[in-house]
Structure formats: C-alpha cells, structure tokens
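S.K.: coordinates for the following, if possible.
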Amino acid sequence: MERLPGKHGQNRRFDTFVVMVDDTAGQLGRLFGELGELEVNVEDLRLEHSPGAPFGLAEISVVPDAVHRAVDGLQQRGWRIA
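M.R.: Numbering: from 1, shown residues only. Sure, this is the predicted structure:
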C-alpha cells in the first residue's frame, strides 16, 4: 500500500463542502480556476452526476482554515453550495 500514490498515513483533517455544478462544458474548469483565484488548494474531490441530470455535485475537501474563504468566495461568484 505504501507504494501507491496518495496521502496514506497522514493524520490531517479536512473540511468538506458540496458545490452544485451545471452540466455544461467548462464548468469544472471554471470551478477549479476560481478556487485557485481564491488561493484555495483542493485536497480531495468526489463527483456525483446522474446521466441526463442538469447538474452534478462536487464534494470538495480543503484544509479547515480555507473552507470559509472557499465557500464565501464561490457564493459571491454565483456558485450554489449544497
């Protein structure tokens, strides 16, 4: 297991929030670009999307001191936080 890339054995705590992402071209790129502009590093990501659904859910994990900056900044930019 130690040969697999990742964050194995780390004892870091992350906070998670969920962003509703429209199912249109470029939206994930826009989301990551705006998180970068907010100086928020994404530690982990999980996506959920059902075929034919108008949006998906991006579950984003960040260090605890970045969660409010991320959520507030994304909401100010028009993103819907679930």
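S.K.: distance of residue 71 from residue 33?
M.R.: From residue 71 across to residue 33, the span is 17 Å (Cβ to Cβ, to the nearest Å). Where you see a C-beta, it was placed from the backbone N, CA and C, and this is true even at glycine.
S.K.: what about the two, which has more around it?
M.R.: More crowded of residue 71 and residue 33, by other Cβ atoms under 10 Å: residue 71, with 19 against 11.
S.K.: isn't the more buried one right up against residue 81?
M.R.: Yes - Residue 71 is within contact range of residue 81, at 5.6 Å (criterion: Cβ atoms under 8 Å).
S.K.: give me the common contacts of the two.
M.R.: Here residue 71 and residue 81 have residue 17 as joint contacts, going by Cβ atoms under 8 Å, 6 or more residues apart in numbering.
S.K.: show the contacting residues for the closest residue to residue 22 other than its chain neighbours.
M.R.: Spatial nearest neighbour of residue 22, excluding adjacent residues (Cβ to Cβ, 6 or more residues apart in numbering): residue 55 at 5.2 Å. The contact partners of residue 55, by Cβ under 8 Å, 6+ apart, come to 20, 21, 22, 23, 49.
S.K.: how about residue 79?
M.R.: Shown in contact with residue 79 (Cβ under 8 Å, 6+ apart): 19, 20, 31, 34.
S.K.: now the closest residue in space to residue 80 that isn't next to it in sequence. Its backbone dihedrals?
M.R.: Spatial nearest neighbour of residue 80, excluding adjacent residues (Cβ to Cβ, 6+ apart): residue 20 at 4.2 Å. Main-chain torsions, residue 20, degrees, to the nearest 10: phi -80, psi 130.
S.K.: what's across from residue 20 in the sheet?
M.R.: Per DSSP bridges, the residues bridged to residue 20 are residue 57, residue 80.
S.K.: how many neighbouring residues does it have?
M.R.: By other Cβ under 10 Å, 14 other residues sit near residue 20.
S.K.: low-confidence stretches in this structure?
M.R.: Scanning the chain for pLDDT under 70 picks out 1-11.
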